[in-house]
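> dropping a prediction and its sequence here:
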Amino acid sequence: MTDRLKHKETAAMFTLMVLGREVPNQELQELVGFTLTGRPRTNLNNLGYVESKPTGPRKSFVHVLTDDGWGWCEEELAADGPPPPRGQSTLASALYVLLGGLNGYLHREDKRLFDVFGPATGAPDSKRAEEEVSNVPLEERIRVAYRELVREPRGWVGLVDLRPKLGAPAAEVDAVLKKLSSAGKVHLVPEDNRKALTAADHEAAIRIGGEDNHLLSIEAL
């Protein structure tokens, strides 16, 4: 069951979901006619659904959905989730019907919301595209690749599947994963069923504390 958000908070969540990236308040104002400030911003930050940071000379906020925020949106779309907020307009009611249809499509195609609205990280056969991906911070590439692979919020993803999506040397990936693990931002564990491990799994593993870890889970980055 998702937390029941107020109308403006819900509108902000769905807007950030559709845009699938960091969005400044100025752009929110232009697109949907309001900014995410004050109590709505504080509430979404405290719930862990939205990460906001001041930027620019005027310290205007920029917002992005967290992993938990994507999870809230998925639950809100679910057919067995809570009803839409009371007192909404007929247009808002129709929106929830539309979102329910989208949820049905995602289930039929075995896809996640992030597959539809998240930033594309596929590497077309062009040098320019590869350069653009390489300019994205490695931590962000890890988060995006994880979202593409995971099947449920905070689920486990094999490093053997994650590494090819990052476009970075193994040593660099290991250094960032160890840093994030020490900070408690990611969880790394060994595969319980060692017999199921392939040579590729062993090669992709990261060694921490004298133990090879094969699986990754992210709560928030």
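Great, that's in hand.
> from here on, contacts and neighbour counts on C-alpha atoms
Noted.
> lowest-pLDDT helix or strand in this protein?
In the chain, the helix or strand scored least confidently by mean pLDDT, DSSP states H and E is helix 127-134, which has a mean of 48.
> which is the next helix or strand following that helix?
Sequence-wise, the next helix or strand downstream of helix 127-134 (DSSP states H and E) is helix 138-149.
> which residue lies farthest from the center of the protein?
Ranked by distance from the centre of the chain (C-alpha atoms, centre = their mean), the top residue is residue 195, with 31.4 Å.
> where does it sit: helix, strand or coil?
Recorded secondary structure, residue 195: helix (DSSP: H, G, I helix; E, B strand; the rest coil).
> now it: how far from residue 202?
To residue 202, residue 195 is 11 Å away according to C-alpha to C-alpha, to the nearest Å.
> could you point out which element follows the lengthiest helix in the chain?
In the chain, with assignment by DSSP state H, the single longest helix is helix 90-109. Next helix or strand after helix 90-109 toward the C-terminus (DSSP H and E): helix 113-117.
> okay, helices next: where are they in the chain?
Per DSSP H, the chain carries helices over the ranges 7-19, 25-32, 38-47, 67-77, 90-109, 113-117, 127-134, 138-149, 159-162, 170-182, 199-204.
> quick one: the second one to chain centroid distance?
Relative to the mean C-alpha coordinate of its chain, helix 25-32 is positioned 21 Å out (C-alpha atoms, centre = their mean, to the nearest Å).
> show me what counts as buried in that helix.
In terms of neighbour count (16 or more other C-alpha atoms under 10 Å), helix 25-32 has its buried residues at 25, 28.
> helices and strands around it, which ones?
Judged by 3 or more C-alpha pairs under 8 Å, 6 or more residues apart in numbering; DSSP states H and E, helix 25-32 is in contact with strand 60-65.
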